[in-house]
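A.B. asks: Fold the following for me, if possible:
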Amino acid sequence: MISTAVRIKIYNYPKILLLCLVLLVVSKPAWAQETCLLIPASLPERVAQATVIVEGKVVAQKAFWDQQHQNIYTVNQVEIYELFKGEPSTNKNIQIITEGGRVNDDLQTYSNTLSLQLNQQGIFFLEPSVFPTLNQHQSTGPAYAVYASSQGFIQYDLPFDEAHDPFQKYEGITSTLYRALRALPQVQARIIRANPELQKAQPRKTSLNNPKARTQAIPTIADFTPDSLSAGTGAILTITGSNFGQSRGQGLVEFSNANDGGSSLVRALSSDYISWSDNQIKVKVPAYAAGVAASGQVRVTNNDLASVNSVKSLFVKYAVTGVLKDDVPYTPYHVNKDGNGGYIFRANASVNAEAAGSFTRALQTWTCQTAMNWQLDAQPTTLTVNAEDGINLFQFTTGSALPANVLGRTTSRYKGCGTNQYYRFWVDEIDFEFNNNISWNFGSGTPARNQYDFETVALHELGHAHQISHINYTRAVMHYSISRSQVTRQLNSISDIDAGNFVVSRSFRSNICGPTRLEPLIAENCVLPVPLLSFTATAQPTGDALLTWNTASATDLSYFVLERSANGSNWTTLTKLPPAATPTYNVTDPQPFIGFTYYRLRQVFNNQSFAYSPVRRVGTENTAQAGITLFPNPLQNNELHLEFRAPINGTVSIKVYDTAGRCLGLITRLVSQGNNPFYFDAAGLTKGLYIVQATINSATYVTKFVKI
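C.D. replies: Now for the predicted structure:
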């Protein structure tokens, strides 16, 4: 059995990461490494396989459902500047179809799959599309797909004279990239129209490459704080220095891109900038499909397109996926989708027992560490189509179902609700596809040199299903690359487990969208961390909870911390105990919470590393009383979340009063017995005390909150 226990060690991260970054930056592309389950497609291979190769710019986009309302696609109108191979039907704009996109409140994303953005430029390696076209009839000519998906697009980093794909960076578009293309015999370059943005492209201006820079306004970075944070979580980086410019203009803050190990840079979105002045920038650290901020140097470019890199490196602990709506990132929630607390996956009937066992081990590794409510149904399905159908499908595919050179991928399907800053996305469905033509190792042993370890790959893709992005930390499951015979079956405490806990902790709280909140899964058959032999929580007839654990002898154990939570999200210390002479420990919690109470045990060792037990639970949902729960309270912003636990099905009337007795807000809605989430826009409320009253079937429940 593969142990899922993790002992957290304290490292001097900046020194370790600096070494890793130096190795990544100075090395040539590691062709043995597969970038997020991509098998490298060389430039000659892409040129040979593509029927049409163009330089172009995405000038318009429109997402649409296919006729069966199963999947969303995006039609990208691309203006052609130069033709390198083939003869498209038009020399003006061509249609390129990509998978995924957003139609109103429905959004779909695919890992390891190309997603284009408006105004992106680059080289497209194209083949005839097998995807649907917009409404099947609004086509102005043949539609194309990008060969090998994300590898079939070499993106320009304008206004700088740079380009990159998942495995290669090109310093100099016309001098380096063009030369590499034109050296191949199939390429016959022909200019269609001028590319003014490319003509204006220039190398980055720094004090190193520009002798005149000493007299120009080259920015300098004095410091940034904090040194360590997470990406995609709203964490704000404050950069201090000089010559940033009084306003941003064309200015940029860029980070190493975790999606390719830092060989390219990812830019903060316009919505990420909090403030910009000549000597200080405040910016959120980004994580979205096109790029994920990773550990490494931070680059600032001012409005004059002069750039500077920070001397020290930023440490990005983990990254959480952000999905975009109108170029604003949102962190998705998980919900109680199956009515049993979370999500149930179903394997296609053709999945063999070994593959199902490997997937189950990977699933259990996550659920034992984060309490994510995922389960694999013992009953397989005959479904073979990756579609929005209410089934969370796990299958192996062949042929054109997957893009060329892709080992596997995760489809996340979201639903959205709310308005303006109160908009939210929640995960409605998750589908997994793996390449059936790959030599897989499904067992728990070491794979052969030519095999990929399926449990390693499944663990990575389940991380994406968690809504976790890549990290530039080689010991992490969510590191961007994998190689043949590589085995990574244990979660890293910082970049994997902390990221998963961040996502599920948000999801364990009441949400404003769709189904009720995710319920923590009390996973069975979890491997306990050494020296723990057992850990149980038992409700007593008196109403107490008895916590019992046993250990083997351990000379390096410093102490135990027993923690509890009312929701599986917010943990507090119940007691702290030193090691005892006897291996059995008993602790009584005299006042468990109403409803469920969750417990976990933290073992702290002499070197200050620590390990968590799996979560245990006592109580039942039926013991929870009807009433109102509010958060946050006190309220510091304008979004008040409310959960009404209804005693029966019916219509509830919820009112907000001030201390003078004036009714300031009213919601009337049908509710079901149990938890029902709401939210109030409190922007119109001044600071002070307010009363919330809920009435259903002549029963009234009252609580209070304070806005500060």
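A.B. asks: next one: phi and psi at Ala458?
C.D. replies: Backbone torsions for Ala458, taken as degrees, to the nearest 10, come to phi -60, psi -40.
A.B. asks: So for it, what's the nearest residue that isn't a sequence neighbour?
C.D. replies: Nearest residue to Ala458, sequence neighbours excluded (CB to CB, 6 or more residues apart in numbering): Ala362, at 3.9 Å. C-beta coordinates here come from the backbone N, C-alpha and C atoms, glycine included.
A.B. asks: what do you get for Arg248?
C.D. replies: Counting by CB to CB, 6+ apart, the residue nearest Arg248 is Trp276, at 4.3 Å.
A.B. asks: hang on, the earlier thing: make sure the residue nearest to Ala458 is indeed in a helix.
C.D. replies: Yes - according to DSSP: H, G, I helix; E, B strand; the rest coil, Ala362 belongs to a helix.
A.B. asks: quick one on the thing from earlier: who does the residue nearest to Arg248 bridge with?
C.D. replies: Trp276 has the following beta-bridge partners by DSSP bridges: Ile281.
A.B. asks: Quick check: it touching Gly245?
C.D. replies: Yes - proximity of Trp276 to Gly245 meets the contact threshold set by CB atoms under 8 Å, at 7.3 Å.
A.B. asks: where do the contact lists of those two overlap?
C.D. replies: Common contact partners of Trp276 and Gly245 (CB atoms under 8 Å, 6 or more residues apart in numbering): Gly251.
A.B. asks: any idea how far Thr238 is from Ala163?
C.D. replies: 31 Å (CB to CB, to the nearest Å).
A.B. asks: Tell me which of the two has more neighbours.
C.D. replies: Shown here are Ala163 and Thr238; by other CB atoms under 10 Å, Ala163 has more neighbours (24 against 14).
A.B. asks: if we can go back for a sec, the residue nearest to Arg248: neighbouring residues, count only.
C.D. replies: Neighbour count of Trp276, defined by other CB under 10 Å: 21.
A.B. asks: ditto for Glu127
C.D. replies: 18.
A.B. asks: in what helix or strand does it lie?
C.D. replies: Element membership of Glu127 [criterion: DSSP states H and E] is strand 121-128.
A.B. asks: for the record, mean pLDDT for that strand?
C.D. replies: Average pLDDT, strand 121-128: 97.
A.B. asks: Stretch 341-350 too?
C.D. replies: Averaged across stretch 341-350, pLDDT comes to 96.
A.B. asks: Please apply the same query to stretch 174-183.
C.D. replies: What stretch 174-183 shows for mean pLDDT is 96.
A.B. asks: Strands of the stretch 251-400 of the chain, start to end?
C.D. replies: Using DSSP state E, counting those that start in this stretch, the strands found in the stretch 251-400 of the chain span residues 252-257, 265-267, 273-276, 280-284, 287-288, 291-301, 307-309, 315-319, 323-325, 328-330, 343-347, 374-376, 392-397.
A.B. asks: which residues touch the fourth one?
C.D. replies: This points to strand 280-284. Residues beyond strand 280-284 that count as contacts (CB under 8 Å, 6+ apart) turn out to be 234-241, 244, 253, 268, 272-276, 300.
A.B. asks: surely the residue nearest to Ala458 meets Leu462?
C.D. replies: Yes - using CB under 8 Å, Ala362 is in contact with Leu462, at 5.7 Å.
A.B. asks: nearest residue to the spatially most central residue of the chain other than its sequence neighbours?
C.D. replies: In the chain, the centroid-proximal residue (CA atoms, centre = their mean) is Thr321; its distance is 2.2 Å. Once flanking residues are discounted, Thr321 sits nearest to Gln467: 4.3 Å by CB to CB, 6+ apart.
A.B. asks: I'd guessed that neighbour sits against Phe425; true?
C.D. replies: No - the criterion here is CB under 8 Å, and Gln467 misses it with Phe425 at 9.7 Å.
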